[in-house]
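Asker: Sequence plus the predicted model coming up.
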Amino acid sequence: MAMMRRENMLAILNHKKHDHVGNFKTDMHQVGGSRETFENGPAGGGYDGFGVKWLGSESALGQGVPATGQAVLENVCDWRKTVKFPNLNDFDWEGEAREQLKGFNPENQVIEYGMWNGPFLRLTHLLGFENALCALYEEPEACAELLGAICDYKIEVAQLAVRHFKPDIICTYDDVASEKSTFMSPETYRELIKPAHKRFNDAVRSMGVIASTHVCGRCEAIVPDLVEEGSAGWEICQPENDLLGLQKKLGDKLAFIGGYDMKGPFAYRDVSEEELRRSVRETIDKYAPGGNYAMMGMILYSDRDKFLKTMAIMSDETLKYGTNYYR
């Protein structure tokens, strides 16, 4: 008998034998993320629990982005007297869990709690992006202290999330790279950011939950560090990285979730359904043989309806082609 989708996804994340190519859209029930208003501000824009102002963004399909020129923290050395962490008791954890878990299929889905704005991203939100990068170089000790405090706060969030949502996975979103390289040297990453990631993942695993990491862009230089940090999976592994080489090196230790070239030849233009489906099959045939792989098929559009329509087609083809792929 073939594995149920939930069992299969857990096997992928635990790097065990499985039947199907994972399908991110259907096999994972997403909670947290944008619904954490204390992290991302209210829908449409506003202030988060740190006092950072967020704006709605058309280019990001409505997803919030921090307002420029309004840094909460001007000098990282002043963080102890300036930074105020959110009051987590003000958030309706029970109500949000009840609402967000509607539609969850316990046989065919795992629950993934997405924790946006990991330690590095929160540093940039507080200081402004350029100032944060300068601070990593100019004031590494103060940055390490603030990153540690952010990690402490994130562990508190994780404890509340586990209590109310009972997730199988907690995924930390910390985009430390552009499509060309990491924003900082690998050495700086390992010195300042990696310790916060590892301590957070250790705490998550002690709660009986799988730890995963979301990093966009070309971050191949620090992907082996994700394993050392205790991350079971890497979202969203993009093809500007040497994914086949990384799979060969780390495939029995890390689940690869992604692989589709969302910024590639189909981005921002109309394509036929057959072209979409063929591109999904080609992506699966390229990366699924390495095992521990889940497809995350999406193409960038400025039109939300088109974005969702194409994602649904790609998800459907992933199920059709990827089911029983390994059997």
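Answerer: Done, it's in. Note that the structure is predicted; figures quoted are calculated from it, not measured. Numbers count the residues shown, from 1 in each chain.
Asker: Now stretch 238-250 - C-alpha only, CSV.
Answerer: The C-alpha coordinates for stretch 238-250 follow below in CSV (Å, rounded to 0.1, in the frame of the first residue of the first chain):
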residue,chain,number,x,y,z
GLN,A,238,16.3,27.7,-6.0
PRO,A,239,18.2,26.6,-9.2
GLU,A,240,20.7,29.4,-9.1
ASN,A,241,22.4,27.1,-6.5
ASP,A,242,24.2,23.9,-7.5
LEU,A,243,21.3,21.8,-6.3
LEU,A,244,22.5,18.6,-7.8
GLY,A,245,25.9,19.0,-6.2
LEU,A,246,24.3,19.9,-2.9
GLN,A,247,22.0,16.9,-3.1
LYS,A,248,24.9,14.6,-3.7
LYS,A,249,26.7,16.1,-0.7
LEU,A,250,23.8,16.5,1.7
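Asker: what about that stretch, average pLDDT?
Answerer: Stretch 238-250 shows a mean pLDDT of 97.
Asker: Check stretch 34-44 too.
Answerer: 92.
Asker: Only the buried residues of it, if you could.
Answerer: Residues R35, E36, T37, E39, N40, G41 are the ones in stretch 34-44 that count as buried (16 or more other Cβ atoms under 10 Å). (C-beta placed from N, C-alpha, C; glycine too.)
Asker: how many other residues sit next to N75?
Answerer: 13 (other Cβ atoms under 10 Å).
Asker: what stretches of the chain score poorly on pLDDT?
Answerer: Within the chain, the stretches with pLDDT under 70 are 58-62.
Asker: can you give me the strands in the stretch 101-250 of the chain?
Answerer: 110-115, 169-173, 210-214, 233-237 (DSSP state E, counting those that start in this stretch).
Asker: so which of these gets nearest E275?
Answerer: When the strands of the stretch 101-250 of the chain are compared by Cβ to Cβ, strand 233-237 sits nearest E275, at 21.4 Å.
Asker: Could you give the separation of the closest one from the chain centroid?
Answerer: 7 Å (Cα atoms, centre = their mean, to the nearest Å).
Asker: Same question for stretch 98-117.
Answerer: Counting by Cα atoms, centre = their mean, stretch 98-117 comes out at 14 Å from the chain centroid.
Asker: Ends of it, what's the gap?
Answerer: Using Cα to Cα, to the nearest Å, one end of stretch 98-117 lies 23 Å from the other.
Asker: Please apply the same query to stretch 225-240.
Answerer: Note: stretch 225-240 ends 18 Å apart using Cα to Cα.
Asker: Just want the phi and psi numbers for S34.
Answerer: Dihedral pair for S34: phi -70, psi -20, per degrees, to the nearest 10.
Asker: Now for it: which residues touch it?
Answerer: N40, A43, Q63, G64, W116 (Cβ atoms under 8 Å, 6 or more residues apart in numbering).
Asker: As TSV, the residues you listed with distance to S279 would be great.
Answerer: Output for these, formatted as TSV (distance: Cβ to Cβ, whole Å):
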residue	distance to S279
N40	31
A43	32
Q63	24
G64	30
W116	28
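Asker: Could you check how far the most centrally placed residue in the chain is from S34?
Answerer: Nearest to the geometric centre of the chain sits H214, at 2.9 Å (Cα atoms, centre = their mean). Distance from H214 to S34, counting by Cβ to Cβ, to the nearest Å: 13 Å.
Asker: C219 too?
Answerer: 23 Å.
Asker: burial of F85, as a residue count?
Answerer: 13.
Asker: That one reaches G51, doesn't it?
Answerer: No. If you go by Cβ atoms under 8 Å, F85 and G51 don't touch, sitting 10.2 Å apart.
Asker: Just list what the biggest helix by length in the chain packs against, helices and strands only.
Answerer: Among the elements of the chain assigned as helix by DSSP state H, the one spanning the most residues is helix 140-165. The helices and strands touching helix 140-165, judged by 3 or more Cβ pairs under 8 Å, 6 or more residues apart in numbering; DSSP states H and E, are strand 28-32, helix 79-82, helix 93-100, strand 110-115, helix 119-127, helix 129-138, strand 169-173, helix 194-206.
Asker: relative to strand 233-237, how tilted is the fourth one?
Answerer: Computed by axes from the mean of the first three to the mean of the last three Cα atoms, to 10 degrees, the angle separating strand 110-115 from strand 233-237 equals 70 degrees.
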